[in-house]
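Visitor: Below is the sequence, then the predicted model.
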Amino acid sequence: MKKILLSLVCLALFGCSDDNDGKVTNEFLVGKWQCKLAFFSAQDHNGKLSDYEKNKDILFVKEYKLDEGKLYSKKDNSKDWVEMDIVNKYTGKTDVIRDNGFRSLKVTTLMTKKTDNQYFIKEEFFLMEKNIDNKNECVYKTNAEGLCTRIK
C-alpha cells in the first residue's frame, strides 16, 4: 500500500511538470536535429478529394541557433541561416497564403514537443483553383508529418 501511495505522490509531483507541456520554444530547438518526414497527397477526382496516398519519406538534418534573441535555422546541406518565427508559425492554425477568387492556398502548420529530445511537426497545404464559371477545377492537398530527434 505504501508503494502505491508513494508512486501516486511521485506521479503528482513530477508527471505534470511545465517542461513537457508540448510547447516548442526557441530555446528548446537550439542544436542539431535529425528529422524523418512522410509525405502524403490527395487529388481531385470528379469534384472530390481522394484519400491521402503516401508519396515518400525523407530524412534530413536541421540545425537551429539563437543570435541576439532571434531563432535561425538551416538544413545540413545549406550554408545559409534563415530567421524563423516558431511561436507564430507552427501553432496549428490555418493561414490563407493567397486567395484572389480563382486560386486559394491555405497552409496549416503544427509543431509539438514530444520529449526533451523530440518534436513532432505537421504541415498541410490545400490548393484550390476555379475555372471561369467559378467551379472548382483543381483541388490538391498535401500533408507532411514526422518526428525530429535531437542529435547534438
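Guide: Done, it's in. Here the structure is a predicted model, which is why all the values come from computation and not from measurement.
Visitor: Contact partners for residue 50?
Guide: Shown in contact with residue 50 (C-beta atoms under 8 Å, 6 or more residues apart in numbering): 42-44. The C-beta positions use only the backbone N, C-alpha and C, and glycine is treated the same way.
Visitor: Quick check: closest non-adjacent residue to residue 139.
Guide: Counting by C-beta to C-beta, 6 or more residues apart in numbering, the nearest residue to residue 139 once its immediate chain neighbours are dropped is residue 44, at 4.0 Å.
Visitor: Buried residues of the strand or helix carrying residue 128, list them for me.
Guide: Per DSSP states H and E: residue 128 is located in strand 118-130. By 16 or more other C-beta atoms under 10 Å, the buried positions in strand 118-130 come out as 119, 121-128.
Visitor: Make a markdown table out of those and add pLDDT.
Guide: Output for the buried residues of strand 118-130, formatted as a markdown table (pLDDT from 0 to 100):
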| residue | pLDDT |
| --- | --- |
| 119 | 94 |
| 121 | 92 |
| 122 | 93 |
| 123 | 91 |
| 124 | 91 |
| 125 | 88 |
| 126 | 86 |
| 127 | 84 |
| 128 | 79 |
